[in-house]
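Student: Based on what follows, work out the 3D shape:
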Amino acid sequence: MKRIRVLPGAFDDVSEAVDWYNSRRDGLGEEFEDIFFSSARFIQNNPLIYRVIYRSFRRHIFERFPYSLYYRIHREEITLNKGRSRDRHAAAVNFDSVLPFLGRVPAPFFLPLLF
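Tutor: Here you go, the predicted model:
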């Protein structure tokens with residue numbers, strides 16, 4: 001099983017979404033965070049389930065929240081590159097707005113999701 005590496009941009013996106021959902025209703029951000037971690041585990045266990053949507057990027061769409069995670073599969077790991085909300089940002093997800101962030105590779109952190 002490959003490890004999950006969350007790039008800082010994706011972590012920032014998720015943190016911002018948690019804060020935004022908590023500002024809408026107490027506890028909603030924690031629900032979002034739980035879904036993020038279960039989504040990361042799902043991607044870790046089923047990395048090939050989603051098709052490539054652009055070059056080597058794949059997209060996992062959350063069921064309960066209008067949110068997507070963009071990720072890449074590498075030899076040793078899976079990188080979560082970007083998170084994107086479909087309702088908080090006025091425009092629909094498009095690669096002109098997402099692609100500049102997908103390739104950023106600053107210091108990552110790793111999720112200990114091996115079960």
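Student: Next, the closest residue to Arg51 other than its chain neighbours: phi, psi?
Tutor: The shortest distance from Arg51 to any residue other than its chain neighbours is 6.9 Å, reached at Arg58 (C-beta to C-beta, 6 or more residues apart in numbering). Heads up, the C-betas are built off the backbone N, CA and C, glycines and all. Dihedral pair for Arg58: phi -120, psi 160, per degrees, to the nearest 10.
Student: Arg58 reaches Asn46, doesn't it?
Tutor: No - Arg58 is not in contact with Asn46 according to C-beta atoms under 8 Å; the separation is 10.7 Å.
Student: circling back: would you check how far apart the residue nearest to Arg51 and Asn81 are?
Tutor: Applying C-beta to C-beta, to the nearest Å, the value for Arg58 to Asn81 is 10 Å.
Student: Could you check which of these two has the larger neighbour count?
Tutor: The residue with more neighbours, out of Arg58 and Asn81, is Asn81; 24 against 20, by other C-beta atoms under 10 Å.
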